[in-house]
Every structure is written in C-alpha cells, then in structure tokens.
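Undergrad: Here is the input, now give the coordinates:
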Amino acid sequence: MNELLSELCEILEVSDLPLESSFNSMDEWDSLNALTVLAMLDSYGIQMDVEKLEEFESIAIFLDYVLENKK
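TA: Coordinates of the predicted model:
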C-alpha cells in the first residue's frame, strides 16, 4: 500500500493524501492527473475509465479496491 500511496502523492504533487477525501474534492485533481492515475493502474493489471475512477467516495476506498484487484 505504501508504494501505491507514494505513486499517488507523486502524481498529485502532494506530500500527504487526505484519504477520507475523494479525488474530485482535491484542488490538485484535473484531467491530466486522472489519465496518469489510469496509466498507473495499468501497471497493477487494472483497467477503468475516468468516470469509474471519480466514483470512488474516498481515496481510501480507491486504495482498497486497487489492492484487492491487482493482478
């Protein structure tokens, strides 16, 4: 999980992620970051679209999803 968290922090250019927040609620979130996160997910064997990515109610739920579904 630490590696995944580090990758997200790097993509969003933040030192700490508010795990209770959604991606859409972050000032740093934009379409380029969304595409970068989707590309990162590919390395975990997960494919999804931006709409599904933005449906996660919190970053914590997203992290759990990735860890449970990585291949």
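
Undergrad: where does the protein dip in pLDDT?
TA: Of all residues in the chain, none has pLDDT under 70.

Undergrad: those helices in it, which residues are they?
TA: 2-12, 31-42, 50-55, 59-69 (DSSP state H).

Undergrad: With mean neighbour count added, can I get the ones you listed in CSV?
TA: To be clear about C-beta, it is placed using only N, CA and C from the backbone, and glycine gets the same treatment. Formatted as CSV, those follow (neighbours: other C-beta atoms under 10 Å):
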stretch, mean neighbour count
helix 2-12, 14
helix 31-42, 14
helix 50-55, 13
helix 59-69, 15
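
Undergrad: Would you reformat those helices as JSON lines and include distance to E20?
TA: Output for the helices of the chain, formatted as JSON lines (distance: least, C-beta to C-beta, whole Å):
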{"stretch": "helix 2-12", "distance to E20": "14"}
{"stretch": "helix 31-42", "distance to E20": "18"}
{"stretch": "helix 50-55", "distance to E20": "16"}
{"stretch": "helix 59-69", "distance to E20": "7"}
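
Undergrad: Mind checking those helices for the one nearest to S21?
TA: Smallest distance to S21 across those (C-beta to C-beta): 6.2 Å, for helix 59-69.

Undergrad: Now do that closest one against helix 31-42, angle only.
TA: Angle, helix 59-69 to helix 31-42, by axes from the mean of the first three to the mean of the last three C-alpha atoms, to 10 degrees: 30 degrees.

Undergrad: Roughly how far does the nearest residue to G45 once chain neighbours are set aside sit from M26?
TA: Distances taken as C-beta to C-beta, 6 or more residues apart in numbering place K71 nearest to G45, at 3.0 Å, with adjacent residues excluded. K71 sits 27 Å away from M26 when distances are taken as C-beta to C-beta, to the nearest Å.
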